[in-house]
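J.: predicted coordinates and the sequence they were generated for:
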Amino acid sequence: MKIWKRKMGMVALTTIMIGTLLGGCSKENEAKEGNYESAALGKEITLQMMTFSHTNWPYKENWPIYKFLKEETGVSFKVQPVMSDYTTTMNLAISSGEIPDLMMVNSLNAANTHGASGAFVDYFEHLDQMPNYKKFLEEHPEVKAAILSPEGKNYFLPLYGLEQQSRRSWLYRDDIFKKHNLTPPTTYDELYTVAMKLKELYPDSFPIAVFNGLSPLINMAPGFNTNSGYYYDYDKEEWRYGPTEDNYKKMVEFMNKFYTEGLVAPDFMAHKRKQFNDLLLQNKAFIASDYIGIMDELPLVLGDKASEFSLDYMVPPVGTPDGKSQNVFAGLQSDGFSVAANSKERDRLLKYMDFLYSPEGIELATWGKEGETFTTENGVRKFNEDYKEFGDLRTKTGIATVGAHTVLDMTAYESMYSPKMQAAMKIVSDHETKPQPRLAYTNEENEVLSMVGETVKKFHEEQIAKFILGQKSMDEWDNYVSEVNKLGVQKVLEVHQSAYERTQKFLNEGN
Amino acid sequence: MQAQKQSFLHKLKRDKYLLLLLLPCALYYIIFKYVPIFGVSIAFMDYNLFKGITESDWVGFKYFSMFFNTPDFWPVLRNTFLLGLYKLVFGFPAPIILALLINEVSKSFLKRFVQTVSYLPHFISNVVVAGIAVMFLSPTGGVVNQLLNVIGLDRINFLVEASWFRTIYITTDVWQHIGWGTIIYLAALTAIDPQLYEAARMDGANRWKQTLNITLPGIAPAIVIILILDIGKILEIGFEKVYLLATPATYETADIISTYVYRVGLTQGNYSYATAIDLFTGIISFIFIIAANWFSRRVSGSSIW
Amino acid sequence: MKQKWNWFDALNAVILSGIVVACLYPFVYMLAVSLSDSAAIASGEVWLWPKGFNLDMYQYVFEDGRVLKGYKNTLIYVILGTAISLMVTALGAYTLSKSKMVLGKPILMMIVFTMFFNGGMIPTFLVVKELGFVNTIWGMVLPGAVGTWNLLIMRTFFMGMPQELEESGKIDGLSEIGIFFRIVLPLSKPVLATIGLYYAVGMWNNFMGPLLYLRDADMQPLQVILRNIVLSGQFTGTEGPVVGDIVVIEDGLKFATIMVSTLPILLVYPFIQKYFVKGALIGSVKG
C-alpha cells in the first residue's frame, strides 16, 4: 500500500518534472527566425493578447475599435483581459512559458528583466521593420530615454497621451472664495493666511485637504525647489536627495504649522480618498492638492446639488524664494507593451504595432471611424452624441483603453471636458516640473534600491511624519539628517547617477 | 528486524480499509503540497521566471543573509511577533467566552439571533473594516473621541500614534472574528451529554460550577487543538489590514514582515527573496507548533500527533 | 430547567446586547448607505437610516450582467467544492483519528508540515497547469480541497466519539468503511455542518484561486467581480500615475455590491444552526 502510494507520488513528480523540462526546451527554440511571408498584409490572423482591463470600461469582445483595427491591418486578437493583480497574472504567464504574442507589461523594469532573459523581442533589432516607431522615437527623445534596458536595448513599447489625464494640480473652491472675497494664494505664507481666514469662517473645517500618508509632500516639493525623493536637478546637473535639504525642512515646517493650527485634518495621514472627498463635499475643506480630473468628477457625486459646488484650478503656491510655481508631472505612463520572442507571427505583429505609431494609426486609435464613432462638420470632427463624456466613449467603443492604442491625440477629447477644465488644461503645462528621468537598472542596482532604498525611505517617512505631527521637535532635524545618511543615501544616489550616465551614453551612441 | 518488518506488513494488512479511506486525502497532499514543494529551492536561487527553476543560478544563503542584515530585520520581526502574541492573548479566548455566554442564554430564539449577528463582521472585507476604523477613531467627529470627551478625557489622535496601533489592530481583529470563532465551540457543545448537567443539578451545583466542571471539560479538546494551531500562526499576520491601518507615523509598531515584503517590492517579482523570508518564518512557526504540541501532550494529554 | 433570572443573566444580557450592536451596526450602516442617494451620502447625513431612498445602486449592480453570471459560477463552485472538500477531509480526518493506525503519526506530521512549508504560488500553478486544470472547474475546486486546519479540527471531533459505537459496528460485522459511512458520518452532523460552512465560505470568498487558475471572463465567480468593483483604486491612492483610473467609486455602489454578494451566504446559517443543539450527538446515539 505504502509502496504503491510512493510510486504514485513518483509518477506524479516525474510527470511534472518532464513537463517543466519540456517547457524549458520549447523556450529554447524561440530565437528561430520568423516567417517573413506572413508579414504581408491581407491574410487575416488572430493573435493572443494579455492586457489590463479597467473596471470602469471592462473589455468587451465586440468593441468597435478592435473591429476598425482589424479592417485596417487584418490582425485581430483573442484577448485575455486582466482586471486585478496584473503583476501576478503576468508573472504566471511568463513562468509557465505560455507568453501571449502581445502582452501589456506594467513596468519598464519587468519588461527589461524578462526581455534580458529572452522572453521579449528587442525592438531596436527590428527598427527597419518599424519605420513609424523609429520616427516617433526620433521626435520624442525624452520617451526614448525612458524606455531603454540597462543593456541599451528596448523591450518596452511606450504608451503616449493618456498620462495627461493624471496630472496633479492644486484646486480651490472658487465659489467659496468668491463669496468671502478671498483670492487664491500664490505663496505658502498667503496659503497659511487664507487658510486661517477660512478656518475662522468655518471653525469646523480643515481648509486644506490632503490625504494618504506623506504623499501630499510630493506635489508640494517643487514650491520649495526640492523633491520628496531622489531626483535629478536639471539646473545643477546632478542627482540629489530631497528629504535632507534645507528647503525640504522649510516645507515640513509649513506642514507642521498647518497641522498645529488645524488647517489640515489631524488624521490626514490615515485618510484615504473617501475621507478626502467627504471633506471637500461637505464644505469642510476648500483647497486641495490632487489629480486635476476631480474638478469635473467630484461634482457628479452630488447629483442635483452639483451646482452648489465648484472647484477650480489654482496656480501652485511657492514656499521659498527659489521655489517654483509647479506641480509634479510624472511623465510617461508606467505601462507598455512587449512582444513575445517566440511569437509565430512576430513580424506581422511588429508591423501592426508600428501601424499604431503612424499618423493614420494614431488617428484611428484616437477617433475610431468616420460615420461610426465621429462625424465631420465644416472640417471639425465631433464624436457622436451617444458618448456623454470621455469615460462613456471608452466604455462603449474601447477607444483609448489599454490594448487598443499606443499613441493618442489627446486634443481630440478636450471637447468632452467642462469649459473650466478646458481652460485649466491650457495653462496646466506651464506650471509643471520637467518629468524625472526614468532609468533602467541592472539587477544589482535594483537590489540596492529595494534594500537600502526602502530602509532609507521608511526611516525618512517615519521621521518626517513625526516632525509634522509635532511628536518630534524641529530642533532634532540635523540629527535626523545624519541618521538617514548613515542608512545609505549616498549608495542609492550612486545607483541613480550611474544608471543615468549609462542611459545618456546609449542615447549619445544612438545619434 | 525481521520480526519488526513482519509486524509492519501485518499492520498494513490489518489497516487496509483505513488506508484506502485515507487515499484521496493522501493523494491531495502529495499532488498539491508535496510535488510543488520543490519550489522552496527558489529561496536559494536567483530565480528567473522565464528560465524556470531548472535553469536559474544557485546563490546559497544570499537572500537569508540579506534579510538578517537589513536594519529593518529586528523591528519587523519584533512587531510581527508582538502583534501575533497579542492577537493570541486576546483573540483566542474571546470566542470561547462568547460561546459560553451564548450557551447560557435560555431562550433559543435569542440564542440564534445573537449567534447569527455576531458572525456578521467576519464577512466584511478589510478595506471596509479599515474605513470604519478611520471613521470611528477620527479625532474630530469620531464616536470614540466623542465618548472620551463626554467622560472628560482628552481627544486622542489614534491613527497617528504608534503606541495605539496594536490596540486598534487587535480590537478590530477580535471584533471581526469573535462570532465566527464560536461556531467551532458551539459544535463541540453539542457532544456534551445532557445527563451530566442533570446529575450536577441534583448535586446542587450552580451554573458557574456546571460551566467549570462540565461545559469546559466538554469542549477542552477543541480548545486545546485550536490553541496549538493558533500558536503556530503567531507570525502569520495578513498584509492587507495592517497596510490599510498604518500611517508613516506608526511604522514603529506597524511595520511587520508582510508589509516589509510588500514595501521592498518583493511581490513585484523577487520571488527568491520573498520565498527566503517565507521559509524563515515557516521554520520559526514550525518550531512554535512543535513546542506547543509537546507541551500540550505533557500537560493536558491531548495533542495533534 | 427552571433557574431564576439573576444578576448573571442581567450582565450577560448587557454584554451580548453590546456585541449585537457592535456587530450589527456596520451592516445596517452599509445597507443604509447603499439605499441612499449619493448627494446625501456625500454630505455625511446617512449613518443609520437611508436618506433619499432609492434602489439605483442595486439596479446598477444587477444590470451589470457580470454579477448574475458570477452568482451562477460561484454557486457551482461552492456546491461542488464543498462536497468534495468535505468528503476528502472527513475520510482523512476519520482515518487519522484512529491512533492505532499504522503510519498515522508520521503522516500527521507531514500534513502539519505543509501548513508552514509550501512551494509557493508559481510551483503550485505549474502543477495545476500540468494536470490540465487551468481554466477548468477542477482548477477551482481541487487545489485547495483540503484545509489542514479543518482536517485537524475534524479529527479532534472524531477522536471524541464514543468508542462503544464502533465496537458495536464491528460486532455487527461492518468493516471500517462501513462503520464510517453507516455510523460515524450520520452522528457527525454538527462538525460536518461546521466544517462544511467553513469550506463553503472559504470557496465563496476565494479570489486568489480564480485569479491564478481561471482565464475566461465567463467563468469568474462573484467574488472576483465584487473585488474588481470594490477594490479598484484602493491601493493606489495618489501615488503613481494611474492613467484614467482617477474615478470616484461611490460608497453606495461599493456597499450595494457587498450586500448583494454576502447576504445569500448569511442566509444559509440559520438552516445549519439546527445542528447546534446541546446534546444532539448524545441524543441521537441513544435514539
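T.: Yes, it's here.

J.: measure the residue lying closest to A:Gly152 once chain neighbours are set aside to A:Asn109 for me?
T.: Sequence neighbours aside, A:Phe506 is the residue nearest to A:Gly152 in space, at 4.0 Å (criterion: Cβ to Cβ, 6 or more residues apart in numbering or on different chains). Every C-beta, even on glycine, is put in place using the N, C-alpha and C of the backbone. According to Cβ to Cβ, to the nearest Å, A:Phe506 and A:Asn109 sit 17 Å apart.

J.: same question for A:Glu261.
T.: In terms of Cβ to Cβ, A:Glu261 sits 42 Å off from A:Asn109.

J.: now B:Leu21
T.: 51 Å.

J.: same deal with B:Ala133?
T.: For B:Ala133 relative to A:Asn109 (Cβ to Cβ), the value is 34 Å.

J.: the residue nearest to A:Ala285 when sequence neighbours are not counted pairs with what?
T.: Spatial nearest neighbour of A:Ala285, chain neighbours left out: A:Ala209 (3.6 Å); criterion: Cβ to Cβ, 6+ apart. Applying DSSP bridges to A:Ala209 gives these bridge partners: A:Ala288.

J.: contact partners for residue 151?
T.: No chain in the question, so chain A it is. A:Ala116 (Cβ atoms under 8 Å, 6 or more residues apart in numbering or on different chains).

J.: think we crossed wires, I meant chain C
T.: By Cβ under 8 Å, 6+ apart, the neighbours of C:Leu151 are B:25, C:89, C:92-93, C:96, C:111.

J.: again with C:Trp47
T.: C:29, C:32.

J.: which SS class is it?
T.: coil (DSSP: H, G, I helix; E, B strand; the rest coil).

J.: could I get the phi/psi values of it?
T.: Dihedral pair for C:Trp47: phi -140, psi -20, per degrees, to the nearest 10.

J.: again with A:Asn443
T.: Dihedral angles (degrees, to the nearest 10) for A:Asn443: phi -60, psi -40.

J.: look at A:Glu261 and A:Asn109 and report which has more neighbours.
T.: Per other Cβ atoms under 10 Å in any protein chain shown, whichever of A:Glu261 and A:Asn109 has more neighbours is A:Asn109, with 22 against 14.

J.: helix or strand for the more buried one, which one?
T.: helix A:108-116 (DSSP states H and E).

J.: helix/strand/coil for the spatially most central residue of chain A?
T.: Among the residues of chain A, the one closest to the centroid is A:Gln333, at 4.0 Å (Cα atoms, centre = their mean). Assigned by three-state DSSP, the conformation of A:Gln333 is coil.

J.: if I look at it, how far off is B:Phe136?
T.: Counting by Cβ to Cβ, the gap from A:Gln333 to B:Phe136 is 38 Å.

J.: try B:Leu189
T.: 33 Å.

J.: what bits of the stretch 201-305 of chain B have low per-residue confidence?
T.: Where the stretch 201-305 of chain B drops to pLDDT under 70, the residues are B:266-268.

J.: how about a cut-off of 90?
T.: Flagging of the stretch 201-305 of chain B using pLDDT under 90 yields the residue ranges B:204-208, B:238-240, B:262-271, B:300-305.

J.: okay, B:Leu189 and B:Phe136: which has more neighbours?
T.: Using other Cβ under 10 Å as the criterion, B:Leu189 and B:Phe136 rank with B:Leu189 on top: 24 against 18.

J.: so the more buried one touches B:Pro217, yeah?
T.: No - counting by Cβ atoms under 8 Å, B:Leu189 does not reach B:Pro217; the two are 11.7 Å apart.

J.: run a quick neighbour tally on residue 255.
T.: With no chain named, the answer covers chain A. 25.

J.: that was the other one, I meant chain C.
T.: Based on other Cβ under 10 Å, the number of other residues close to C:Phe255 is 24.

J.: ok, now which ones touch it?
T.: With the criterion set at Cβ under 8 Å, 6+ apart, C:Phe255 makes contact with C:30-31, C:33-34, C:57.

J.: would you list the phi and psi of A:Lys324?
T.: phi -120, psi 140.

J.: need the contact list for it.
T.: Here A:Lys324 is in contact with A:222-223, A:225, A:318, A:433 (Cβ under 8 Å, 6+ apart).

J.: these in helices, which ones?
T.: Under the assignment DSSP state H, the contacts of A:Lys324 contribute nothing to helices.

J.: reformat those residues as a markdown table; add neighbour count.
T.: A markdown table is the format used below for the contacts of A:Lys324 (neighbours: other Cβ atoms under 10 Å in any protein chain shown):
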| residue | neighbour count |
| --- | --- |
| A:Pro222 | 22 |
| A:Gly223 | 25 |
| A:Asn225 | 22 |
| A:Val318 | 22 |
| A:Thr433 | 20 |
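
J.: looking at the residues you listed, which is nearest A:Met50?
T.: Nearest to A:Met50, judged by Cβ to Cβ, of the contacts of A:Lys324 is A:Thr433 at 33.4 Å.

J.: do you know how far the closest one is from A:Pro243?
T.: The separation that A:Thr433 has from A:Pro243, given Cβ to Cβ, amounts to 17 Å.

J.: same check, this time on B:Leu137
T.: In terms of Cβ to Cβ, B:Leu137 sits 28 Å off from A:Pro243.

J.: higher neighbour count, the two?
T.: A:Pro243 (27 against 20).

J.: give me the element the closest residue to that one other than its chain neighbours is part of.
T.: Spatial nearest neighbour of A:Pro243, excluding adjacent residues (Cβ to Cβ, 6+ apart): A:His460 at 4.9 Å. A:His460 is part of helix A:454-468 when elements are defined by DSSP H and E.

J.: give me the residues contacting that helix.
T.: Here helix A:454-468 has contacts from A:213-214, A:217, A:229, A:243, A:252, A:255-256, A:259, A:269, A:471-472, A:474, A:477, A:480, A:483-484, A:487-489, A:492, B:70-72, B:160, B:247-249, B:251-252, B:255, B:263-265, using Cβ under 8 Å, 6+ apart.

J.: element containing A:Leu350, please.
T.: helix A:346-357.

J.: how far does that helix sit from the chain's center?
T.: 24 Å (Cα atoms, centre = their mean, to the nearest Å).

J.: the very next helix or strand once past it to helix A:346-357, inter-axis angle?
T.: Counting by DSSP H and E, the element after helix A:346-357 in chain order, helix or strand, is helix A:359-367. Orientation check (axes from the mean of the first three to the mean of the last three Cα atoms, to 10 degrees): helix A:359-367 against helix A:346-357 gives 70 degrees.

J.: quick one: average confidence on the helix or strand following helix A:359-367?
T.: Counting by DSSP H and E, the next helix or strand C-terminal to helix A:359-367 is strand A:374-377. Averaged across strand A:374-377, pLDDT comes to 93.
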